[in-house]
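Participant: just the structure for this:
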Amino acid sequence: MAIGMDVPGVDGLSDVVRVLREWQYDGAVVQLHPGDLGWYWRFGGEQTAAATRTWSRDGETLAVGMLDDPELLRLAIAPEVQHDEELARQLVEDLSEPERGVLIEGKVYVEAPLGSLVQDLLIKDGWELDEPWIPLRRDLSEPVPDLGLRIQVVGPEQAAERTAIQRASFDGSTFTDERWHAMAAGAAYDDARCLIGRNAQGEAVAGVTVWSAGPGKPGLIEPMGVHRAHRGHGYGQAITVAAARVLRELGSSSAVVCTPAFNVGAVATYKSAGFEPLPETRDVYRTA
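Facilitator: Numbering: from 1, shown residues only. Take a look at the predicted model:
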């Protein structure tokens, strides 16, 4: 059977989330997680569906791509077909030719699983390696301590505080109350939690969202931020540990997070929270 590419539509997103959950396991290379799709869902189901691509053969989904931007595709491939030549060559064709409806013309990027055949073929076709990212992982087989930061699970009543922390943590953030509600209505949020960390005065000082992929599978932290007015007090470490603790309560086997290698502060924070660096990953890009 030929491999076909599809845009799933809003009704098909639940199946995409299910497939991405199935592909997560400890020891696998870090790739697109259902939580990545869930975080994108803040833009609404229709936009999330429009940004999603699936590749299937004989009714079986083999790869899922998410357009984080028109020039960046984040790609997940079923573990058993990451070296399938037919799939890899079809992906390369679809990613390289703008008329296929995946990536635009000009400089574009692909985040493919480390060591996958599609990454190798893109590089052979002249694509180049971009700056490194560092995935980090914390094993959750043992109980996770409480570092003393007061943690509140966010519901609709606390959405405004959660979005305000996000905007105060990341310059240029567009996370609004409306977008929190859109994210929370998505299929991926069924196994997710937003958390707020409060200091001794009750002020909201940090926020994080955690995404489970189901019992016994790695959970994702995306995103985590500390309010710019409350940095330097260890709140990043404390809320990251709290995030790991909540993921363990949700049944996750481990917690993973990924950050650019140049962000040495973030890397240090995650290490202080018990996360261990994994082999670095790099996007590949094609110049204009």
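
Participant: in the stretch 151-288 of the chain, which spans are strands?
Facilitator: 192-198, 204-211, 218-226, 254-260, 276-277, 281-286 (DSSP state E, counting those that start in this stretch).

Participant: ok, which of those comes nearest residue 138?
Facilitator: strand 254-260 (4.7 Å; Cβ to Cβ). The C-beta positions use only the backbone N, C-alpha and C, and glycine is treated the same way.

Participant: most packed of the strands of the stretch 151-288 of the chain?
Facilitator: Comparing those by mean neighbour count (mean count of other Cβ atoms under 10 Å), strand 204-211 comes out on top with a mean of 26.

Participant: other SSEs contacting it?
Facilitator: Here strand 204-211 touches helix 34-40, helix 159-169, strand 192-198, strand 218-226, helix 235-249, going by 3 or more Cβ pairs under 8 Å, 6 or more residues apart in numbering; DSSP states H and E.

Participant: mean pLDDT and distance to residue 107 for these - can I get that in a markdown table?
Facilitator: Output for the helices and strands packed on strand 204-211, formatted as a markdown table (pLDDT from 0 to 100; distance: least, Cβ to Cβ, whole Å):
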| stretch | mean pLDDT | distance to residue 107 |
| --- | --- | --- |
| helix 34-40 | 98 | 21 |
| helix 159-169 | 98 | 28 |
| strand 192-198 | 98 | 33 |
| strand 218-226 | 98 | 25 |
| helix 235-249 | 98 | 33 |
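
Participant: picking up where we left off before, could the strands of the stretch 151-288 of the chain go into JSON lines alongside distance to residue 137?
Facilitator: Formatted as JSON lines, those follow (distance: least, Cβ to Cβ, whole Å):
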{"stretch": "strand 192-198", "distance to residue 137": "19"}
{"stretch": "strand 204-211", "distance to residue 137": "14"}
{"stretch": "strand 218-226", "distance to residue 137": "7"}
{"stretch": "strand 254-260", "distance to residue 137": "5"}
{"stretch": "strand 276-277", "distance to residue 137": "6"}
{"stretch": "strand 281-286", "distance to residue 137": "13"}
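
Participant: nearest to residue 67, out of those strands?
Facilitator: Of the strands of the stretch 151-288 of the chain, nearest to residue 67 by Cβ to Cβ is strand 281-286, at 13.3 Å.

Participant: which residues in the chain form helices?
Facilitator: Secondary structure of the chain (DSSP state H): helices located at 13-22, 34-40, 45-50, 85-96, 117-124, 159-169, 177-184, 235-249, 264-272.

Participant: now the last one: buried residues?
Facilitator: This points to helix 264-272. Neighbour counts using 16 or more other Cβ atoms under 10 Å place 266, 267, 269, 270, 271 of helix 264-272 among the buried residues.

Participant: closest to residue 231 out of these?
Facilitator: Distances from residue 231 to those, taken by Cβ to Cβ, are shortest for residue 269, at 10.3 Å.

Participant: please verify my assumption that residue 10 contacts residue 49.
Facilitator: Yes - Residue 10 is within contact range of residue 49, at 4.8 Å (criterion: Cβ atoms under 8 Å).

Participant: quick one, what contacts residue 188?
Facilitator: 17, 34, 35, 37, 38, 41, 211 (Cβ atoms under 8 Å, 6 or more residues apart in numbering).

Participant: state the distance from the nearest residue to it once chain neighbours are set aside to residue 26.
Facilitator: Counting by Cβ to Cβ, 6 or more residues apart in numbering, residue 188 lies nearest to residue 38, which is 2.9 Å off, once chain neighbours are set aside. From residue 38 across to residue 26, the span is 20 Å (Cβ to Cβ, to the nearest Å).
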